[in-house]
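A.B. asks: give me coordinates for this.
(one chain, ligands or ions: 1)
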Amino acid sequence: MSESGNNYREPRPARVAAVLSLILDKWRRDPTALLQILREAQEALDWIPPAAVEQLAQALSLPRSKIEGVAGFYSFLYTRPQGRYRVLFADNIIERMQGSAALMERMCRSLWVEAGKVSEDGLVSVGTTSCIGMGDQGPALLVNNRVIPRLDEARIDQLCELIRGEVPLADWPAELFVVADNVRRGDILLDAGLQPGDALKAVRDRIQPTGLDASNSRSWREGLPQGLAGPAVVIDELRRSGLRGRGGAGFSTALKWDACRNAPVPVGGCRVVVCNADEGEPGTFKDRVLLNSHADLVFEGMTVAAMAVGARRGFLYLRGEYRHLLETLEAVLVRRREAGLLGEGILGIAGADFDIEIHLGAGAYVCGEESALIESLEGKRGTPRNRPPFPVTNGYLDQPTVVDNVETFACSALIAQRGGDWFAAIGTEKSTGTKLLSISGDVAAPGVYEFPFGVTIGEVLLACGASGTQAVQVGGPSGTCVNVAEFGRRIAFEDVPSAGAFMVFDATRDMFEVARNFTHFFAHESCGFCTPCRVGTSLLKNLMDKLANGHGSPYDFAEIEHMNHILQQMSHCGLGHSACNPVLDTIARFRPAYERRLSNAAFEPAFDLDRALAPARQMTGRDDEGAHLPVHFEEAQP
Ligand code: SF4
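C.D. replies: Predicted coordinates:
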């Protein structure tokens with residue numbers, strides 16, 4: 001019997017050793033691959049038993065505490081036994097609207113398991129997780145990290161049958177796992193039709209004019225002699241395009257690549273290119289589609305970046321929720337190596353050496369922050385670093401590193417092939433090109449839409465068949481909430497920026513509950529590194545729960561403002577800075593939804609002390625006036 005009280009037995013040390021031996025060999029016994037090793041160990045063993053921690057500590061010469069610390073950081077890694085079938089329902093607001101809570105309850109009832117617990121026989125555990133990038137085809141769940149979308153009662157019953165019958169996941173009907181792209185509108189990116197290698201050949205032709213011998217590898221990496229075109233022309237092209245990072249911050253991609261190219265490389269090191277595919281912002285899923293159906297474009301963009309900055313090593317950091325894409329992506333990498341588009345001497349150019357490794361995350365939203373992502377790539381807890389120094393000079397293993405979003409790399413490939421001026425002519429002056437939007441919620445056709453920057457929110461709503469819309473959350477919980485009066489605003493860095501999420505709420509939705517869901521998300525995802533965020537996000541969640549429970553007062557609005565001030569001023573990273581955004585936005589635009597919940601003009605504590613004393617009154621047989629607290633706090637003052 002295991003320590004959790006269910007019938008799950010710990011695997012024998014010999015079995016653990018056999019499993020770990022293969023995984024350690026695969027990852028070259030490299031401690032910086034610790035997260036990948038732990039993840040794969042769990043895939044084989046269902047959890048990370050103490051014997052695995054012990055053996056990994058010896059094999060990697062790491063203290064046990066470090067391994068336990070890393071395993072404890074990621075919500076998809078378990079150091080206690082879970083069910084052999086580990087079911088996690090997506091708990092994003094959109095899935096809630098689609099009825100996920102009732103479906104989870106149905107599954108729990110059917111399998112005799114309590115939500116958040118493991119069944120008595122150790123067969124199954126059922127719980128929730130944040131958004132898993134399926135807002136266009138929810139409700140959805142993960143079972144042992146495999147996605148099952150489009151849940152309804154019949155599908156839940158089918159899953160329960162399979163679990164009760166202990167059918168191995170590999171034998172479940174394939175149609176359960178089918179994830180649709182749902183591309184509703186394409187433009188220059190989704191309709192690009194680039195063939196693998198097109199952009200790289202264009203780069204080669206630009207930097208290696210006919211007749212120029214580019215066989216000197218030093219010249220390739222360090223820039224060709226003065227007077228001849230070098231890889232810097234790629235960056236010039238990018239500068240002309242005006243491309244800004246699609247991850248949300250909108251930083252100039254050319255400036256970033258240029259800074260990396262000019263940063264000194266430590267002895268024995270190299271420059272690094274990292275694709276941030278940790279698409280964790282609730283409501284966004286467009287990177288899932290790019291990776292599933294346009295992976296060549298993304299890898300091509302990464303390789304263009306490597307040529308421009310002189311990088312030899314590349315990583316795609318894929319969010320754990322997108323584990324289902326891993327084999328497809330690995331196959332694309334193999335094909336590109338065989339075609340001479342990755343590896344040594346790309347396109348036959350001596351010194352143009354670059355390859356890409358895929359690392360998977362394990363359920364930590366904060367790893368979407370670039371410095372936290374690099375920590376995670378190095379096999380550590382995903383805690384954001386102090387900046388400066390920035391990754392472009394001191395990134396992965398202290399080497400100059402470019403970190404860009406999936407969509408940014410796809411755009412870079414297009415620009416390399418078609419030119420910066422062509423790209424700059426699309427969109428607005430300050431936001432060039434197009435933007436992919438992940439549209440979900442109260443619309444007729446949820447999915448991925450590509451629009452030129454500058455499109456209005458109203459135009460987007462029209463395109464996706466929204467009606468009776470009262471609000472749109474643009475850019476996810478940390479983005480902006482807009483109401484009807486603002487539907488003329490434009491999707492652009494200079495107006496309403498968006499990393500991709502576009503969640504639509506019609507007039508039947510309670511915007512207070514939307515904001516409350518987001519505060520739960522931030523409290524859950526705070527990495528706990530800094531106190532203002534760890535405590536502040538939790539207090540914010542409690543304040544919203546207090547309002548929801550009918551104990552709110554205007555005093556709580558002031559408290560939320562105060563909390564926002566602290567989080568803005570004192571948080572270490574963007575999660576803390578933006579945690580109050582959804583609440584402040586909805587208070588400003590949908591105040592009646594909050595005021596409905598105010599029970600009192602004066603402060604009312606969230607905790608009802610008088611009610612809590614009821615058992616004591618019952619035990620003493622008293623229920624007279626003296627056994628109760630005064631009705632209001634102020635009445636008790638002298
Ligand atoms: Fe972690 Fe929050 Fe601090 Fe960011 S602000 S480092 S998420 S605790």
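A.B. asks: tally of neighbours for residue 332?
C.D. replies: Using other Cβ atoms under 10 Å, residue 332 has 17 other residues around it. C-beta here means a position set from N, CA and C on the backbone, and glycine is covered the same way.
A.B. asks: ok, the one 3 residues further on next?
C.D. replies: By other Cβ under 10 Å, the residues close to residue 335 number 15.
A.B. asks: what about it, which SS state?
C.D. replies: helix (DSSP: H, G, I helix; E, B strand; the rest coil).
A.B. asks: where does the protein have low pLDDT?
C.D. replies: Counting by pLDDT under 70, the chain shows low-confidence ranges at 1-9, 208-230, 599-610, 612, 629-638.
A.B. asks: look up how far residue 589 lies from residue 390.
C.D. replies: 35 Å (Cβ to Cβ, to the nearest Å).
A.B. asks: same question for residue 401.
C.D. replies: Residue 401 is 39 Å from residue 589, by Cβ to Cβ.
A.B. asks: ok, these two, which is more surrounded?
C.D. replies: Legend: neighbour count by other Cβ under 10 Å for residue 401 and residue 589, higher for residue 401 (28 against 17).
A.B. asks: show me what contacts the closest residue to residue 352 other than its chain neighbours?
C.D. replies: Closest residue to residue 352 apart from its sequence neighbours, by Cβ to Cβ, 6 or more residues apart in numbering: residue 346 at 4.3 Å. Contact analysis of residue 346 by Cβ atoms under 8 Å, 6 or more residues apart in numbering lists 200, 303, 307, 340, 352-354.
A.B. asks: of these, which is the most crowded?
C.D. replies: residue 303 (30 neighbours).
A.B. asks: could you export the helix or strand where it lies as CSV, CA atoms only?
C.D. replies: Using DSSP states H and E, residue 303 sits in helix 295-309. Only the C-alpha atoms of helix 295-309 are listed here, as CSV (Å, rounded to 0.1, in the frame of the first residue of the first chain):
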residue,chain,number,x,y,z
ALA,A,295,6.0,23.3,-38.5
ASP,A,296,8.3,23.7,-41.5
LEU,A,297,7.7,27.4,-41.5
VAL,A,298,8.5,27.7,-37.8
PHE,A,299,11.7,25.6,-38.0
GLU,A,300,12.6,27.5,-41.2
GLY,A,301,12.3,30.8,-39.3
MET,A,302,14.4,29.4,-36.4
THR,A,303,17.1,28.4,-39.0
VAL,A,304,16.9,31.9,-40.6
ALA,A,305,17.5,33.3,-37.1
ALA,A,306,20.4,31.0,-36.6
MET,A,307,22.0,32.1,-39.9
ALA,A,308,21.4,35.8,-39.0
VAL,A,309,22.9,35.7,-35.5
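A.B. asks: and residue 184, its phi and psi?
C.D. replies: phi -100, psi -30 (degrees, to the nearest 10).
A.B. asks: next up, the contacts around it.
C.D. replies: Residues near residue 184 by Cβ under 8 Å, 6+ apart: 439, 445, 447-449, 463-464.
A.B. asks: of those residues, closest to residue 312?
C.D. replies: Of all the contacts of residue 184, residue 448 has the smallest distance to residue 312: 32.9 Å, by Cβ to Cβ.
A.B. asks: nearest spatial neighbour of residue 269, skipping sequence neighbours?
C.D. replies: That would be residue 399: by Cβ to Cβ, 6+ apart, it lies 4.4 Å from residue 269.
A.B. asks: show me which residues of the stretch 451-600 of the chain sit near the ligand.
C.D. replies: Applying Cβ under 6 Å from any ligand atom, one finds that the stretch 451-600 of the chain approaches the ligand through 526-530, 533-534, 571-573, 575-576.
A.B. asks: just those: which are in helices?
C.D. replies: 533-534, 575-576 (DSSP state H).
A.B. asks: domain-wise, how is the protein divided?
C.D. replies: If you go by automatic domain parsing, the domain ranges for the chain are 13-73, 85-180, 198-424, 434-509, 512-595, 609-638.
A.B. asks: which of those sits closest to residue 187?
C.D. replies: domain 434-509 (4.1 Å).
A.B. asks: from start to finish, how long is that closest one in a straight line?
C.D. replies: This stretch, domain 434-509, spans 30 Å end to end (Cα to Cα, to the nearest Å).
A.B. asks: same check, this time on stretch 467-476
C.D. replies: 20 Å.
A.B. asks: what does it contact?
C.D. replies: Contacts for stretch 467-476 (Cβ under 8 Å, 6+ apart): 248, 281-284, 442, 444, 457, 461, 479-484, 487, 491, 496-509, 511, 514, 582, 586, 589-590.
A.B. asks: can you flag the buried ones in those?
C.D. replies: Those of the contacts of stretch 467-476 that meet the buried threshold are 248, 281-284, 442, 457, 461, 479-483, 487, 491, 496-505, 509, 511, 514, 582, 586, 589-590, by 16 or more other Cβ atoms under 10 Å.
A.B. asks: can I get the residues of the stretch 451-600 of the chain next to the ligand in CSV with distance to residue 314 and neighbour count?
C.D. replies: Compiled in CSV, those are given as follows (distance: Cβ to Cβ, whole Å; neighbours: other Cβ atoms under 10 Å):
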residue, distance to residue 314, neighbour count
526, 30, 24
527, 26, 22
528, 31, 14
529, 28, 17
530, 31, 19
533, 31, 26
534, 34, 16
571, 31, 23
572, 28, 19
573, 24, 21
575, 26, 25
576, 30, 26
